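J.: 3D, please:
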Amino acid sequence: MDDTDEPLDLPKDPATRPAYVLDAQIGYLLRRATQRHLSIFAALIPGLTTTQFAALARLAELGPMSQNRLGRETAMDAATIKGVVDRLRTQGLVTSAADPDDRRRLTVRLSEKGAEVFDATKAQALEVSARTLAPLNRSEQARLLALLARLT
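T.: Numbering: from 1, shown residues only. Here you go, the predicted structure:
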């Protein structure tokens, strides 16, 4: 593996480019890792999706916020966060109300039940991460997380 600081440059001439090997492509590998992670998550935290848990985690961390901000804080687009908040509200895990200063803005907050569910599942969520990263040693885990953070 080359440790230079130079980005990978592909030759402009298609005839001199390396063969396309699916198993060596970042998107494919990330999708496979995500599938593994989602499977572990579903086994340990049934009843919540990863996006629902992310919303609960951000609300627990940062407190009430607009639905729009919650979407930004969890890397979800407006349509996705709306669906996530609607499902969490249906489960009684969050409440929402129009902002008194701007009735167009919806403020979302954890309900008492939502706070209880988050507190009851955060240990399992840490276990999900541990199991996802288990094939790597501690140094590799730290390096992978740091490299992924640089890509986001």
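J.: send the alpha carbons of the worst-scoring helix or strand of the chain on mean pLDDT over as PDB?
T.: Using mean pLDDT, DSSP states H and E, the weakest-scoring helix or strand in the chain turns out to be strand 102-110, at a mean of 89. C-alpha atoms of strand 102-110 as PDB (Å, rounded to 0.1, in the frame of the first residue of the first chain):
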ATOM      1  CA  ASP A 102     -41.700  31.000  14.000                       C
ATOM      2  CA  ARG A 103     -44.800  28.900  13.500                       C
ATOM      3  CA  ARG A 104     -43.300  27.400  10.300                       C
ATOM      4  CA  ARG A 105     -40.500  25.800  12.300                       C
ATOM      5  CA  LEU A 106     -41.200  22.500  14.100                       C
ATOM      6  CA  THR A 107     -39.300  21.900  17.300                       C
ATOM      7  CA  VAL A 108     -38.600  18.300  18.200                       C
ATOM      8  CA  ARG A 109     -37.800  17.000  21.700                       C
ATOM      9  CA  LEU A 110     -37.400  13.600  23.300                       C
END
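J.: buried stuff in that strand?
T.: Within strand 102-110, the residues that qualify as buried are 106-108, 110, counting by 16 or more other CB atoms under 10 Å. Placement of C-beta: from N, CA and C, glycine included.
J.: save those as JSON lines, and put in distance to residue 74 too.
T.: What follows is these, written out as JSON lines (distance: CB to CB, whole Å):
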{"residue": "106", "distance to residue 74": "15"}
{"residue": "107", "distance to residue 74": "16"}
{"residue": "108", "distance to residue 74": "11"}
{"residue": "110", "distance to residue 74": "14"}
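J.: just give me the closest of those to residue 48.
T.: residue 110 (13.3 Å; CB to CB).
J.: identify the bridge partners of the closest one.
T.: With DSSP bridges as the criterion, residue 110 is bridged to residue 94.
J.: for it, which residues are in contact?
T.: Neighbouring residues of residue 110 by CB atoms under 8 Å, 6 or more residues apart in numbering: 56, 59-60, 64, 93-94, 118.
J.: pipe those into a markdown table and attach neighbour count and distance to residue 151 per row.
T.: Below are the contacts of residue 110 laid out as a markdown table (neighbours: other CB atoms under 10 Å; distance: CB to CB, whole Å):
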| residue | neighbour count | distance to residue 151 |
| --- | --- | --- |
| 56 | 25 | 25 |
| 59 | 25 | 26 |
| 60 | 15 | 26 |
| 64 | 16 | 30 |
| 93 | 23 | 30 |
| 94 | 26 | 30 |
| 118 | 20 | 27 |
